[in-house]
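1. The following comprises the amino acid sequence and a computationally predicted model.
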Amino acid sequence: MSDVSELLTWFQASGGSLDSSVGFTEFPGCGRGAVALEDIPKGHVLFKIPREILLSTDTSTLPRRIGLDRWREAKMHIGWVGIILCMMWETAQGPSSIWSKYLESLPATFDTPMFWSDLELEQLAGTSVVGKLGKADAERDFKGKLLPMVQSRPDLFPLETIPIYYTLGIYHVMGSRILSRSFDVEKDDPEEEPEEDGAPADTSLGSAMDVDGPQDETESPHEGDSEPDDDSEGDEEEPFGVSMVPLADMLNARYGSENAKLFYETDDLRMVSTKSIKAGEQIWNTYGDLPNSELLRRYGHVDMLPLPTGDLGNPGDVVEISADFAVAVLRPDETVTKARIDWWLEQGGDDVVVLESDLEVPEALVSLIRLLRLTSDEWEKAVAKDKVPKPKIDNEILDVVRAIFERRLKEYPTTLADDVALLANETLPLNKRHALIVRIGEKRILERAMQKIESQRVDARKGDSSRKRKTQPEEEAGRMSKTRRH
Ligand SMILES: C[S@@+](CC[C@H](N)C(=O)[O-])C[C@H]1O[C@@H](n2cnc3c(N)ncnc32)[C@H](O)[C@@H]1O
């Protein structure tokens, strides 16, 4: 990585402007980040980035050199393979690329599990990280799309440059740069009326770092798996393009700490303070207040903050629970399961439910359990009505939920107590430490959720008996005293 000052010189020479209130410095444990050099009021423009210096498949000349028809025929417009190839090609151009100083400033190594050894990945067993790495998909795109394109155009990709700039290793590095630093930028629409008062166009960017705003309405390449699914895309032009946004990608993020956000205007993008920031404080963007599993997978770090329980962790942590656990606990026969799960998915249900740190039993899980427990008659009626069962909780359902959580907890090879003891060792290697923190966060949620179910069941029993006592006091009292004698 080059010096930040070289990047800033390039940025300003390329038409970017940086307010005197903003500096860049190293923050221990966070790498480089932005700092307020003086008190900054809310709504202040921290820096402006001209659209021309965004790096994307629209701004790089490579797609046009290849030919836009050929580009689309080779499906380079789908997923990240196109922008990765542009980034590789721009790097190969050396100083003649307008992004050479920017590309030199980007990290080439990552702490993300994509680069972990198999032994290190074992530390993540049970967490949702492993199934989402997307390594095989990336390799398939590299071999099936990128390499054939590169090999077919020696005029653009001279043979001797292939082992230097167009390798699988570099493909993963570029993919990780995109995953941890890109934004989904709304494409500039010349037909659209400009805002009258020149205010930022109605909303902030959706991005790898900020999932609010327009991204909610469109498929994000940063959501879920590393890249959008090839099959899910038609030939329609996406309204958002994945873009590398110099300088905006120098801001770190921490749960609940956002004090700046990127906004777009017709000609430029602007980083604007969303709160007042005191001199000396870090300027934080948001990556969407993600759980530690996702922070680790995409960015290679985790958040550790004081939690209401007194522990340290990430308040945004969640546990993902596959529908398979409900099937395994309820054990309906295979044909019943298949038909019902297919129908559940057709109805818009997900095959994974998410347990959050508020410990509320996910409504989708309750509906799914009820669906799997329907008798054949009830099932036929539900299909005829085209309605999945209502998420009504009672003690029987709570028993199933608890059994599902117990089963989910067994997915981790170690116990919560083991992990907490291991984490006390301050000399642990970073990856192992991060994996432990992810595991501990998830297990705490599961264990607390099971305790909550226990107290819900006790409350329900108390509620039942007091309700019944009201209606049939004598009979009920008799039964209770009998019960006590046993
Ligand atoms: C968008 S970049 C931010 C700039 C980056 N720190 C740099 O040195 O270029 C995202 C990366 O910053 C680091 N980072 C961001 N927020 C962090 C945090 N709260 N704790 C630790 N590292 C963080 C992670 O390595 C992440 O992949």
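-> In hand now; what should we look at?
2. Chain neighbours aside, what residue packs nearest to residue 454?
-> Excluding its sequence neighbours, the residue lying closest to residue 454 (CB to CB, 6 or more residues apart in numbering) is residue 402, at 7.7 Å. C-betas here are computed from N, CA, C, even on glycine.
3. I'd guess the one you found is in a helix, am I close?
-> Yes - in this structure, residue 402 lies within a helix as judged by DSSP: H, G, I helix; E, B strand; the rest coil.
4. Do I have it right that it meets residue 453?
-> Yes - using CB atoms under 8 Å, residue 402 is in contact with residue 453, at 4.9 Å.
5. now residue 388, what's its secondary structure?
-> Under three-state DSSP, residue 388 comes out as coil.
6. Over to residue 310?
-> coil.
7. And it, what's its pLDDT?
-> Residue 310 is assigned a predicted lDDT (pLDDT) of 94.
8. what's around it, how many residues?
-> Per other CB atoms under 10 Å, the neighbour tally for residue 310 reads 6.
9. Could you tell me how far it is located from residue 171?
-> 44 Å (CB to CB, to the nearest Å).
10. swap in residue 406?
-> Distance, residue 406 to residue 171, by CB to CB: 41 Å.
11. ok, the two, which is more surrounded?
-> More crowded of residue 406 and residue 171, by other CB under 10 Å: residue 171, with 23 against 13.
12. Residue 173 - that's part of a helix, no?
-> Yes - membership of residue 173 in a helix is supported by three-state DSSP.
13. list the contacts for it?
-> 108, 110 (CB atoms under 8 Å, 6 or more residues apart in numbering).
14. Contact residues of the stretch 51-200 of the chain facing the ligand?
-> Residues of the stretch 51-200 of the chain lying near the ligand by CB under 6 Å from any ligand atom: 180, 181.
15. where exactly do the helices run in the stretch 51-200 of the chain?
-> Using DSSP state H, counting those that start in this stretch, the helices of the stretch 51-200 of the chain run over 62-66, 68-73, 81-92, 100-105, 118-122, 135-141, 147-152, 162-165, 168-181.
16. Remind me what the fifth one packs against, helices and strands.
-> Helices and strands touching helix 118-122, by 3 or more CB pairs under 8 Å, 6 or more residues apart in numbering; DSSP states H and E, are helix 430-471.
17. now swap in the third one and tell me
-> Based on contacts counted as 3+ CB pairs under 8 Å, 6+ apart, the elements that helix 81-92 packs against are helix 62-66, helix 100-105, helix 162-165, helix 168-181, strand 240-244.
18. same thing but at 7 Å, please
-> On a contact count with 3 or more CB pairs under 7 Å, 6 or more residues apart in numbering; DSSP states H and E, helix 81-92 meets helix 62-66, helix 100-105, helix 162-165, helix 168-181.
19. Using PDB, write out the CA atom coordinates for stretch 280-299.
-> Provided in PDB are the C-alpha atoms of stretch 280-299 (Å, rounded to 0.1, in the frame of the first residue of the first chain):
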ATOM      1  CA  GLY A 280      -9.800  14.200  17.200                       C
ATOM      2  CA  GLU A 281     -12.700  11.800  16.800                       C
ATOM      3  CA  GLN A 282     -12.800   9.200  14.100                       C
ATOM      4  CA  ILE A 283     -15.100   9.800  11.200                       C
ATOM      5  CA  TRP A 284     -17.100   6.600  10.800                       C
ATOM      6  CA  ASN A 285     -19.200   5.400   7.900                       C
ATOM      7  CA  THR A 286     -21.600   2.500   8.400                       C
ATOM      8  CA  TYR A 287     -21.300  -1.000   6.900                       C
ATOM      9  CA  GLY A 288     -24.900  -1.600   7.900                       C
ATOM     10  CA  ASP A 289     -24.300  -2.600  11.500                       C
ATOM     11  CA  LEU A 290     -23.700  -6.200  10.500                       C
ATOM     12  CA  PRO A 291     -23.300  -9.200  12.800                       C
ATOM     13  CA  ASN A 292     -19.700 -10.300  13.500                       C
ATOM     14  CA  SER A 293     -20.100 -13.300  11.200                       C
ATOM     15  CA  GLU A 294     -20.700 -11.000   8.200                       C
ATOM     16  CA  LEU A 295     -18.100  -8.400   9.300                       C
ATOM     17  CA  LEU A 296     -15.500 -11.100   9.400                       C
ATOM     18  CA  ARG A 297     -16.600 -12.600   6.100                       C
ATOM     19  CA  ARG A 298     -16.600  -9.300   4.200                       C
ATOM     20  CA  TYR A 299     -14.200  -7.100   6.100                       C
END
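20. for this structure, what helix or strand is lowest in average pLDDT?
-> helix 473-485 (a mean of 29; mean pLDDT, DSSP states H and E).
21. Could you list the low-pLDDT ranges of the stretch 1-150 of the chain?
-> 1-2 (pLDDT under 70).
22. okay, now the domains of the protein?
-> 4-296, 318-471 (automatic domain parsing).
23. Can you tell me which of these is most buried?
-> domain 4-296 (a mean of 18; mean count of other CB atoms under 10 Å).
24. how long is that domain end to end?
-> 25 Å (CA to CA, to the nearest Å).
25. which residues touch residue 458?
-> Residue 458 is in contact with no residue at all, counting by CB atoms under 7 Å, 6 or more residues apart in numbering.
26. ok, it to the ligand distance?
-> Noted for residue 458: a distance of 40 Å to the ligand, by CB to the nearest ligand atom, to the nearest Å.
27. Relative to residue 295, how far out is the residue in the stretch 51-200 of the chain that the ligand sits nearest to?
-> Closest contact between the stretch 51-200 of the chain and the ligand, by CB to the nearest ligand atom, is at residue 180 (3.9 Å). Distance, residue 180 to residue 295, by CB to CB: 10 Å.
28. Quick check: closest non-adjacent residue to residue 103.
-> That would be residue 91: by CB to CB, 6+ apart, it lies 5.2 Å from residue 103.
29. ok, that neighbour touching residue 167?
-> No - counting by CB atoms under 7 Å, residue 91 stays clear of residue 167, with 11.7 Å between them.
30. hang on, residue 94 packs against residue 100?
-> Yes - Residue 94 lies in contact with residue 100 (CB under 7 Å); the separation is 6.1 Å.
31. Please tell me the pLDDT value assigned to residue 351.
-> Predicted confidence (pLDDT) for residue 351: 94.
32. What sits closest to it if chain neighbours are left out?
-> Nearest one to residue 351, counting by CB to CB, 6+ apart, is residue 323 at 4.7 Å.
33. ok now do that neighbour, which residues does it touch?
-> 341, 351, 352, 368.
34. The ligand versus that one, what's the distance?
-> On the measure of CB to the nearest ligand atom, residue 323 and the ligand end up 31 Å apart.
35. Quick one, grab the pLDDT at that residue.
-> pLDDT, residue 323: 95.
36. For it, give me phi and psi.
-> phi -60, psi -20 (degrees, to the nearest 10).
37. Start at 40, not 1
-> All set: I'll call the first residue 40, so the last point we hit is now residue 362.
38. For residue 309, give its distance to residue 303.
-> Applying CB to CB to residue 309 and residue 303 gives a distance of 8 Å.
39. Equivalent analysis for residue 120, please.
-> For residue 120 relative to residue 303 (CB to CB), the value is 25 Å.
40. for residue 92, same thing?
-> For residue 92 relative to residue 303 (CB to CB), the value is 14 Å.
41. Please apply the same query to residue 418.
-> Applying CB to CB, the value for residue 418 to residue 303 is 49 Å.
42. Residue 107 too?
-> 24 Å.
43. now swap in residue 479 and tell me
-> The separation that residue 479 has from residue 303, given CB to CB, amounts to 39 Å.
44. Residue 430 too?
-> 39 Å.
45. can you list the residues of the stretch 340-489 of the chain near the ligand?
-> Going by CB under 6 Å from any ligand atom, the residues of the stretch 340-489 of the chain near the ligand are residue 340.
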